[in-house]
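Colleague: take a look and give me a structure for this.
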Amino acid sequence: MWKTHLFNAGCTISKPWTRGDAAAAVTLAIATGVFAPATGLAQKIDLGFSIGFYNPVGSLAERGERSMPLTYFQQRLQGTPTLGLDLTLWTSNHLGFEGKITISPADVAVTDTSGTHDHSSAVLLTSARVVYAFTPMLFKPLPGKRELPWSFYVAAGLGIVNRSGAVWNYSSGLTAPVLLLNTGVRTAVGNRAVLRFDLEDYLSRAQFDKGLATETAARTHHDFVLGLSVSYRVHR
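Modeller: Okay, the predicted model is just below:
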């Protein structure tokens, strides 16, 4: 059995470990490793702003057959520009944690018996992800080199997608959880600026008015975002 030893005035006192002691020790070890100054959670902090292009794949609501226009109905988001903000905390040269919010004024193409018409809408994407960089990012070239290398990374996380606008005339389903997959590349620009290129896939399950007479069929939906961002290294 594991024992702890307390040293007091030259005396050693032993006592057995309990589950609570073990949990406390593990928690303390993790906290010490994460928040230690040399390898702390905020060892490197990047605050970024991004622009990009939103490209949804597939329709969100659809019923009937295209070959029968008198009964066919479809709602399909259109590709539009995006704006985003992100905050990344790097615990090491390879591992980081990131929160991001992206908004797009995505129009919706509605096809019904009267034809196809565009309607104003907006899409809000939020996520929290874990980032793994295959190669560390350098702010100074390696000895004998003049150019900075590119750092490639992948990320995965969870988030929420919210669709708004009068065109979404449903009582439920406008907000849904998403699985986020991300790959990208970055390089330093100057002493603190970081240039990034990202490809993100927000994977969700779209269904509106579930349980009601107006319920739509559940559909797997991909919201792709191709983005260019510039980050500022607040702390390094």
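
Colleague: can you give the domain ranges for the protein?
Modeller: The chain breaks down into these domains under automatic domain parsing: 1-35, 40-235.

Colleague: rounded mean pLDDT for the longest one, please.
Modeller: The average pLDDT for domain 40-235 rounds to 87.

Colleague: now that domain, how far from the centre of its chain.
Modeller: Counting by CA atoms, centre = their mean, to the nearest Å, domain 40-235 is centred 7 Å from the centre of its parent chain.

Colleague: what sits against the residue most central in space within the chain?
Modeller: Nearest to the geometric centre of the chain sits residue 127, at 3.6 Å (CA atoms, centre = their mean). Residue 127 is in contact with 99, 100, 157, 158, 159, 160, 178, 180, 202, counting by CB atoms under 8 Å, 6 or more residues apart in numbering. Bear in mind the C-beta positions are built from the backbone N, C-alpha and C, glycine included.

Colleague: pull out the buried residues from the residues you listed.
Modeller: Listed as buried from those are 100, 157, 159, 160, 178, 180, 202; burial here means 16 or more other CB atoms under 10 Å.

Colleague: within the helices and strands, which one has the closest residue to the second one other than its chain neighbours?
Modeller: With CB to CB, 6 or more residues apart in numbering as the criterion, residue 157 has its nearest non-adjacent residue at 2.8 Å, and that residue is residue 129. When elements are assigned from DSSP states H and E, residue 129 belongs to strand 122-133.

Colleague: how much space between the residue nearest to the centre of the chain and residue 159?
Modeller: Going from residue 127 to residue 159 by CB to CB, to the nearest Å gives 3 Å.

Colleague: identify the single longest strand in this protein, thanks.
Modeller: Looking across the chain with DSSP state E, the single longest strand is strand 219-235.

Colleague: partners of that one in the sheet?
Modeller: strand 44-57 (antiparallel), strand 193-206 (antiparallel) (DSSP bridges).

Colleague: tell me the buried residues in the last one?
Modeller: For strand 193-206, the buried set under the neighbour-count rule, 16+ other CB under 10 Å, comprises 194, 195, 196, 197, 198, 200, 202, 203, 204, 206.

Colleague: can you list the residues you listed in TSV and add distance to residue 52?
Modeller: Listed next are the buried residues of strand 193-206 as TSV, based on distance: CB to CB, whole Å:
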residue	distance to residue 52
194	16
195	14
196	11
197	10
198	8
200	9
202	12
203	17
204	18
206	21
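
Colleague: closest one of those residues to residue 117?
Modeller: residue 206 (20.3 Å; CB to CB).

Colleague: contacting residues for the closest one?
Modeller: Shown in contact with residue 206 (CB under 8 Å, 6+ apart): 60, 61, 173, 176, 216, 218, 219, 220, 221.

Colleague: if we use 10 Å, what do you get?
Modeller: With contact set as CB atoms under 10 Å, 6 or more residues apart in numbering, residue 206 has these partners: 56, 58-61, 75, 77, 161, 163, 173-174, 176, 216-221, 223.

Colleague: now do residue 202
Modeller: Residue 202 makes contact with 54, 56, 102, 123, 125-127, 159-161, 176, 178-182, 221-225 under the criterion CB under 10 Å, 6+ apart.

Colleague: quick one: the strands in this protein?
Modeller: Per DSSP E, the chain has strands spanning 3-8, 11-16, 44-57, 61-63, 73-77, 80-90, 95-104, 108-112, 115-119, 122-133, 151-164, 175-189, 193-206, 219-235. These are given in chain order.

Colleague: nearest to residue 141 among those would be which one?
Modeller: Smallest distance to residue 141 across the strands of the chain (CB to CB): 9.8 Å, for strand 175-189.

Colleague: alpha carbons only: can I get that closest one in CSV?
Modeller: Output of strand 175-189 as CSV, limited to C-alpha atoms (Å, rounded to 0.1, in the frame of the first residue of the first chain):
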residue,chain,number,x,y,z
THR,A,175,-29.7,25.8,-33.1
ALA,A,176,-27.9,22.5,-33.2
PRO,A,177,-24.7,20.9,-31.8
VAL,A,178,-21.8,20.5,-34.2
LEU,A,179,-18.6,18.4,-34.5
LEU,A,180,-15.7,20.5,-35.7
LEU,A,181,-12.8,19.2,-37.8
ASN,A,182,-10.1,21.6,-38.8
THR,A,183,-6.8,21.6,-40.6
GLY,A,184,-4.5,24.5,-41.3
VAL,A,185,-1.1,26.1,-41.7
ARG,A,186,0.5,29.1,-40.0
THR,A,187,3.6,31.2,-40.1
ALA,A,188,5.0,34.2,-38.2
VAL,A,189,4.9,37.7,-39.8
